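Chemist: Quick one, structure for this:
(2 chains)
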Amino acid sequence: MSPDDQEALDALVSELSHTLKTPLAAIAGYSELLQTRDDDAIRREAPRRIAEAAERLSDAIDLVSAALAVDYGAAADLEPGAVDLSGAVEAAGRVLLAREERRIDARTENGAWPLVRARPGEVERLIGHAVLGAARESPGKDAVRVVVSRVNRNAVLRVEGAPVSQHGIGVLTARFLAERQGGTLAVDGAGLTITLPLADETS
Amino acid sequence: MPRILIADDDAPLRQLLRMTLPENGFEVLEAGDGQEALDVIAVRPPDLLVLDWRMPGLGGADVLREVRRSHPDLRVIVLTVEGRPRQRAVAESLGADMFLTKPFSPLELLDAVERLLPLPE
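Modeler: Now for the predicted structure:
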């Protein structure tokens, strides 16, 4: 990613975070003041401010949800093709480095890196969400370990690390992307496993 | 009486910060954007600036850069939404004294103010 692209992405992420966290700060702050201060002005003002902030936060979440639907819906008609999994892992690694200052430690178990059948750009995002989630569940480790293998007609990516919640937005998004390619994503106590159809096995 | 300027484009958050500070302890001024903050500082220089990093128009970085040129001794608390090293590194390089990451506790704000300005007894 070019420095200009990185800067634009950083600005987008910051703006999104600001939109969501500012009303959240008001909710958390007024709630704490209500609990810790014996003050008539706070008792009068805080409930209204909390309600206003909650409404703004709800509106912001609706906008983010709509943006997500547009983002993924726009790519629905793209035709799947052969995607080099090593390139996709490398691209995800750049995102992990930029966001979390961690790297991916990737290896294959049986031979060369496979080609998978997928929509352009979506495998990179799938792996990006998966490793980002694993990185956040494993603080203190400087690398997320990814092991790639071929099993029957699929490529299998094992993202190793601490238990990953099934319900996190990253896991949900990654599962959505995996299933869009005709693959699967499963979470267990030690990490998650992604299967994707091999490009050279489809007719 | 010490003077604090709160610069944040979110009116409810400005009100929260104002209510957090001890009554009769500080003169509290508000600004809804970066340019307004600079205008206030030029006319009524505060002792402490609580500065939101992301504001429309002139953002926190622009305000901090100008403030460090015109009022180098002004103490500045930057309000950010991320604990990412890059954003904090930029703010530190521009001369921010302390950081609070939203959502922060009012007690965190009081602690930060107390570190930079002695609170009245």
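
Chemist: I'd like to know how many residues surround A:L185.
Modeler: Other residues lying near A:L185 total 23 when counted by other Cβ atoms under 10 Å in any protein chain shown. The C-beta positions use only the backbone N, C-alpha and C, and glycine is treated the same way.

Chemist: could you pull out the strands for chain B?
Modeler: All strands of chain B, identified by DSSP state E, fall at B:3-7, B:27-31, B:48-52, B:75-80, B:98-101.

Chemist: Please list the residues of chain B that sit near chain A.
Modeler: Near chain A, the residues belonging to chain B are B:10, B:12-13, B:15-16, B:19-20, B:54, B:81-82, B:85-87, B:102-107 when assessed by Cβ under 8 Å from any Cβ of the partner chain.

Chemist: Where in chain A is the helix or strand with the lowest mean pLDDT?
Modeler: In chain A, no helix or strand scores lower on mean pLDDT, DSSP states H and E than helix A:3-36, which sits at a mean of 85.

Chemist: Buried residues, it. List them.
Modeler: A:10, A:14, A:17-33 (16 or more other Cβ atoms under 10 Å in any protein chain shown).

Chemist: before we move on, back to that, what about the residues of chain B next to chain A, which are in helices?
Modeler: Counting by DSSP state H, the residues of chain B next to chain A place B:12-13, B:15-16, B:19-20, B:85-87, B:106-107 in helices.

Chemist: What about those, which one has the most neighbours?
Modeler: Within those, most neighbours by other Cβ under 10 Å means B:L16, with 27 neighbours.

Chemist: pLDDT wise, what is the spatially most distant residue from the centre of chain A at?
Modeler: The C-alpha centroid of chain A is most remote from A:D40, which lies 43.7 Å away (Cα atoms, centre = their mean). Looking at A:D40, its pLDDT reads 92.

Chemist: where's it relative to chain B, distance?
Modeler: 11 Å (Cβ to the nearest Cβ, to the nearest Å).

Chemist: give the contact list for that residue.
Modeler: If you count contacts by Cβ atoms under 8 Å, 6 or more residues apart in numbering or on different chains, A:D40 has none.

Chemist: number of nearby residues for the nearest residue to A:V147 once chain neighbours are set aside?
Modeler: What sits nearest to A:V147 in space, not counting adjacent residues and going by Cβ to Cβ, 6 or more residues apart in numbering or on different chains, is A:R158, at 4.5 Å. Around A:R158 there are 16 other residues, counting by other Cβ under 10 Å.

Chemist: where exactly do the helices run in chain A?
Modeler: Under DSSP H, chain A gives helices at A:3-36, A:40-73, A:85-100, A:122-137, A:169-180.

Chemist: Below-threshold pLDDT in the chain: ranges please.
Modeler: All of this refers to chain A. Along chain A, segments meeting pLDDT under 70 span A:1, A:75-76, A:163, A:201-203.

Chemist: switch to chain B, that's the one I care about
Modeler: B:82-85, B:118-121.

Chemist: residue nearest the centroid of it?
Modeler: Closest-to-mean residue, chain B, Cα atoms, centre = their mean: B:V50 / 1.0 Å.

Chemist: you'd agree B:L117 is up against B:D47?
Modeler: Yes: using Cβ atoms under 8 Å, B:L117 is in contact with B:D47, at 5.9 Å.

Chemist: re earlier: so for A:P3, which of the strands of chain B sits nearest?
Modeler: strand B:75-80 (21.4 Å; Cβ to Cβ).

Chemist: who touches the closest one?
Modeler: Residues outside strand B:75-80 that contact it (Cβ under 8 Å, 6+ apart): B:8, B:47-53, B:60, B:64, B:67, B:87-88, B:91, B:95-102, B:104, B:109, B:112-113, B:116-117.

Chemist: one more time with 7 Å
Modeler: Taking contacts as Cβ atoms under 7 Å, 6 or more residues apart in numbering or on different chains, the residues outside strand B:75-80 that touch it are B:8, B:47-53, B:60, B:64, B:67, B:87-88, B:91, B:95-102, B:112, B:116-117.

Chemist: Also stretch A:57-70?
Modeler: Under the contact criterion Cβ under 7 Å, 6+ apart, stretch A:57-70 has outside partners A:16, A:19-20, A:23-24.

Chemist: nearest to A:A46, of these?
Modeler: Taking Cβ to Cβ as the measure, A:A46 sits nearest to A:P23 out of those, at 14.0 Å.

Chemist: I'd like the distance between the residue farthest from the centre of chain A and B:P12.
Modeler: Between A:D40 and B:P12 the computed distance is 19 Å (Cβ to Cβ, to the nearest Å).
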